[in-house]
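> sequence and predicted structure are below.
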Amino acid sequence: MKKLIARTESISKNSSNEHILEVKDISVSFGGVQPVRGVSFGLTENSFTSIIGPNGAGKTSLFNLISGINKVDAGEIIFRGEALQDIHIHKIAQKGLVRTFQGAKVIRRLTVAENLMMAVQGNPGDNLRGFLNPRARSSFESKSREEAMRRLEQVGLTKFADEFAGILSGGQRKLLDLSRALMTKPSLLLLDEPFAGVNPTLVEKLLNVLEELRKDQEMTFLLIEHDLETVMRISDRVIVMAEGKIIADGLPNSIYESEVVIDAYLGSRRRGAK
Amino acid sequence: MSVFLQPGFWVFVLALAGIYGIFSLGLQIQYGVGGVMNFGHVGMMAISGYTIAVLVIKYQWSFWWAAFIGVALAALLGALLGLTTLRLSGDYFAIASIAFAEITRYWILNSDSVTGGTQGTLAIPSESGFSSYTTEPDVILTWIQDRLYPLIGDEASRDLAMVLVVWPFLFLFIWISSRLQQTSWARVLRATREDDDVPRSLGKNVFRFRLQTLIIGSVFGGIAGIFWALQFMLLAPEDFLRIVTFYGWMILILAGATRVKGLIFASIFFGFLYGATRFLDFWPLSLLSSPERAYLRVFLIGLVIVLLMLKRPQGFFGKREEMVLE
Ligand SMILES: Nc1ncnc2c1ncn2[C@@H]1O[C@H](COP(=O)(O)OP(=O)(O)O)[C@@H](O)[C@H]1O
Ligand SMILES: [Mg+2]
């Protein structure tokens, strides 16, 4: 454990000026529950970090704080040098920090394509002023539609494009949620268990998509994921949470072998697997 | 029953339908598109109608400027309602909106020296002692009547002239509204009917969208107020009771909240129901007093809404899938 923490500190010291996100000692409580207790970490630009931890560890709550859906009771969240904790959710998203939802929230009564098209940033048609400029609106719409169709192709949902999203299965909704977040062209994407219920072949394909985005668009990722194989494959850093705190933070292999982590989390999983 | 055979009855039904159609178009863009449950819509109509009467009678303004200011004030009232209460959750907003319209009506009721109080616009103090506000637009209505007289004689009523004025506006507004509903602006609003966190997390300022739809709907309410004022030629506080808002809601439910064209059919149906129930004076209904018959009208209209909710929750023209998806 000590070794791990030491390593983390050296990581963050070396690169503190390149941090796209800096979370400083944040906490939140709801009534008697305190799902996040003094969490701190920084994310290097263009990195891929995974968060693991048992159910109820506070991972989703942490995402809710970073994305602004819940406000912190204490601490600071700095994104590209700017404090986020008092900023509205939509402003945070506009800055390029976007998240998906563990429950894969889709808008059921919009079509699958509409769900995606809604996510494109800088749409002149979102503004009443744009109403007076139908040409700009419709050219933006057709570009958005094209992009939406490309995303749907990627996740094998093309044939559902014009169906209400409400008819999709749980796994399909996850894919739609992920694609929708990508439509915003975020610089930092928070993914909350995006692969649960998605078939392994497709997961493989999506991991490649994410890796490409990381390379080509210089995106930064923070992923919550239960499947360790996936985590080990794609992450260059793993954060372990339990009971609202970070209990380990380091390179994937060192986490995999750490005693603390095995006790707190992995142990039960590995034993359970056998 | 012979009243239903008279053209005059149907002309009145159409005039009423046109006005209520524009009124409901406001609710449609607010609720049908944006999920904003405004139960105080009648307040917008009251404000614009009364603004016209007061500015013309008390301050001798031109009708046209007064109408413009009336609609602007309705929009302002919508903005004020939204800014103060739209951040509340949907149910609370609905209640707050009722209160807002009631406050407006109480203010009208109790400001005798401006609005004429309980006696209505006839009692608005005026230097000339003249208490009509429709002189200027009446020139147009009379002109239309004069053109029609050689063709249809006494059927060339003021009501018919109103129909010919109101309905083109209704069609124009339906066209504008359906264009508006094809924009990505409306798409975001439709998303907010289900969930706030999703559009917000995609960078949409949900509050701004809701406020905008509330204001646009209020403008329609205000415009309906102009035509209302023109149709009835005098206004009283009891014209703007809560029930009027619910008449608008009934039309919306009949039409299917998400379908703009169903509105035409539903407005005429409502106009008929409203007009017809005035004439329910045959036996045994003739035993009832006229206020009792007025209650019967409300009862009948309520019954239609309930039956409709049971049999066709999507309205006559709505898509059922849009109602039942989970
Ligand atoms: N808004 C909230 N109100 C009350 N309790 C909450 C809220 N959000 C999260 N919690 C609680 O916080 C704890 C952590 O939940 P969560 O963050 O979803 O864990 P994880 O995603 O790691 O499984 C749970 O006990 C949950 O009930
Ligand atoms: Mg979770």
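Sure thing, it's come through. Ligands and ions are numbered 1, 2, ... in the order given.
> surely residue B:125 is in contact with residue B:113?
Yes - between residue B:125 and residue B:113 there is a contact under C-beta atoms under 8 Å: 6.4 Å. From N, CA and C alone the C-beta is placed, and that goes for glycine too.
> let me see the contact set for residue A:180.
When contacts are counted by C-beta atoms under 8 Å, 6 or more residues apart in numbering or on different chains, residue A:180 touches A:100, A:106, A:115, A:116, A:118, A:119, B:202.
> tabulate those (JSON lines), appending distance to residue A:214, pLDDT and neighbour count.
Formatted as JSON lines, the contacts of residue A:180 follow (distance: C-beta to C-beta, whole Å; pLDDT from 0 to 100; neighbours: other C-beta atoms under 10 Å in any protein chain shown):
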{"residue": "A:100", "distance to residue A:214": "16", "pLDDT": "96", "neighbour count": "26"}
{"residue": "A:106", "distance to residue A:214": "25", "pLDDT": "95", "neighbour count": "25"}
{"residue": "A:115", "distance to residue A:214": "24", "pLDDT": "97", "neighbour count": "27"}
{"residue": "A:116", "distance to residue A:214": "21", "pLDDT": "97", "neighbour count": "27"}
{"residue": "A:118", "distance to residue A:214": "25", "pLDDT": "96", "neighbour count": "26"}
{"residue": "A:119", "distance to residue A:214": "19", "pLDDT": "96", "neighbour count": "28"}
{"residue": "B:202", "distance to residue A:214": "21", "pLDDT": "96", "neighbour count": "25"}
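> closest to residue A:244 out of those residues?
residue A:100 (21.6 Å; C-beta to C-beta).
> how near is that closest one to ligand 1?
Distance, residue A:100 to ligand 1, by C-beta to the nearest ligand atom, to the nearest Å: 13 Å.
> quick one: that residue and residue A:190 touch, right?
Yes - taking contacts as C-beta under 8 Å, residue A:100 lies within contact range of residue A:190: 7.1 Å.
> sorry, back to before: let's have the contacts of residue A:180 in TSV, adding secondary structure.
Putting those into TSV (DSSP: H, G, I helix; E, B strand; the rest coil) gives the following:
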residue	secondary structure
A:100	coil
A:106	coil
A:115	helix
A:116	helix
A:118	coil
A:119	coil
B:202	coil
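> confidence score at residue A:270?
Here, the pLDDT recorded for residue A:270 equals 51.
> brain fart, residue B:177
pLDDT, read off for residue B:177, is 93.
> what about it, helix or strand, and which?
In this structure, residue B:177 is located in helix B:158-181 according to DSSP states H and E.
> residue A:24 now?
Using DSSP H and E, residue A:24 falls in strand A:19-30.
> next, the residue in the stretch 101-250 of chain A that ligand 2 sits nearest to: secondary structure please.
Closest residue of the stretch 101-250 of chain A to ligand 2, C-beta to the ion: residue A:102 (4.7 Å). Under three-state DSSP, residue A:102 falls in the coil class.
> contacts only, for it.
Residue A:102 neighbours (C-beta under 8 Å, 6+ apart): A:60, A:192, A:193, A:224.
> just to revisit the earlier point, against which helices or strands is the strand holding residue A:24 packed?
Identification of packing neighbours for strand A:19-30 by 3 or more C-beta pairs under 8 Å, 6 or more residues apart in numbering or on different chains; DSSP states H and E yields strand A:33-44, helix A:59-66, strand A:74-79, strand A:220-224.
> can it be said to contact ligand 1?
Yes - residues of strand A:19-30 contacting ligand 1 under C-beta under 6 Å from any ligand atom: residue A:30.
> quick one: strands adjacent to that strand?
Strand A:19-30 has these partner strands in its sheet, going by DSSP bridges: strand A:33-44 (antiparallel), strand A:74-79 (antiparallel).
> format the ones you listed as JSON lines; extra columns: mean neighbour count and distance to ligand 2.
JSON lines is the format used below for these (neighbours: other C-beta atoms under 10 Å in any protein chain shown; distance: least, C-beta to the ion, whole Å):
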{"stretch": "strand A:33-44", "mean neighbour count": "19", "distance to ligand 2": "10"}
{"stretch": "strand A:74-79", "mean neighbour count": "18", "distance to ligand 2": "19"}
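> could these go into JSON lines alongside distance to residue B:177 and mean pLDDT?
Below are the strands paired with strand A:19-30 laid out as JSON lines (distance: least, C-beta to C-beta, whole Å; pLDDT from 0 to 100):
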{"stretch": "strand A:33-44", "distance to residue B:177": "45", "mean pLDDT": "95"}
{"stretch": "strand A:74-79", "distance to residue B:177": "39", "mean pLDDT": "96"}
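> kind regards, and thank you for your time.
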